[in-house]
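> Here is a sequence together with a model predicted from it:
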Amino acid sequence: MNKSDLIEALAKKEPLKDKEALEIVNMVFKGFTNALKEGDRIEIRGFGSFSVREYGAYVGKNPRTGKKVQVGEKKLPYFKAGKKLKAKVNG
């Protein structure tokens with residue numbers, strides 16, 4: 001499922017126009033993005049949680065040339081599935 005599928009499903013389930021469903025989905029994604037950007041954790045009971053993990057700088061290797069490359073510090077979003085989601089996926 002992609003963003004367009006999500007918008008379509010929301011518009012079908014609720015009496016919404018596609019444009020209204022698009023605005024709702026964008027508001028939710030923007031809220032998630034802003035919360036993670038500020039370092040907050042997002043928890044959706046039964047589904048999972050989103051957080052930001054920080055990684056320190058390290059020396060990596062360019063796979064094409066084999067040269068060593070300095071990789072700077074970075075923050076990456078991390079998702080951990082909840083128990084109910086895991087149970088549904090595993091049947």
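Thanks, I have the structure now.
> which one is residue 79 nearest to, not counting chain neighbours?
Leaving aside its chain neighbours, residue 79 sits nearest to residue 50 (5.4 Å; criterion: C-beta to C-beta, 6 or more residues apart in numbering). C-beta coordinates here come from the backbone N, C-alpha and C atoms, glycine included.
> Help me confirm that that neighbour is found in a helix?
No: secondary structure of residue 50, determined by DSSP: H, G, I helix; E, B strand; the rest coil: strand, with no helix assignment.
> can you tell me which residues contact it?
Residue 50 sits next to 32, 36, 41-43, 77-79 when contact means C-beta atoms under 8 Å, 6 or more residues apart in numbering.
> what separates residue 2 from residue 84, distance-wise?
Per C-beta to C-beta, to the nearest Å, residue 2 is found 23 Å from residue 84.
> buried residues in the helix or strand hosting residue 30?
Taking DSSP states H and E as the definition, residue 30 sits inside helix 18-37. Residues of helix 18-37 classed as buried: 21-22, 24-25, 36 (neighbour count, 16 or more other C-beta atoms under 10 Å).
> mind listing the strands in the protein by residue range?
In the chain, the strands defined using DSSP state E lie at 42-44, 48-55, 58-61, 68-71, 74-81.
> just checking, what packs against the shortest one?
Helices and strands touching strand 42-44, as assessed by 3 or more C-beta pairs under 8 Å, 6 or more residues apart in numbering; DSSP states H and E, comprise helix 18-37, strand 48-55.
> so how many other residues sit close to the closest residue to residue 29 other than its chain neighbours?
Excluding its sequence neighbours, the residue lying closest to residue 29 (C-beta to C-beta, 6+ apart) is residue 3, at 8.0 Å. With neighbours defined by other C-beta atoms under 10 Å, the count for residue 3 comes to 11.
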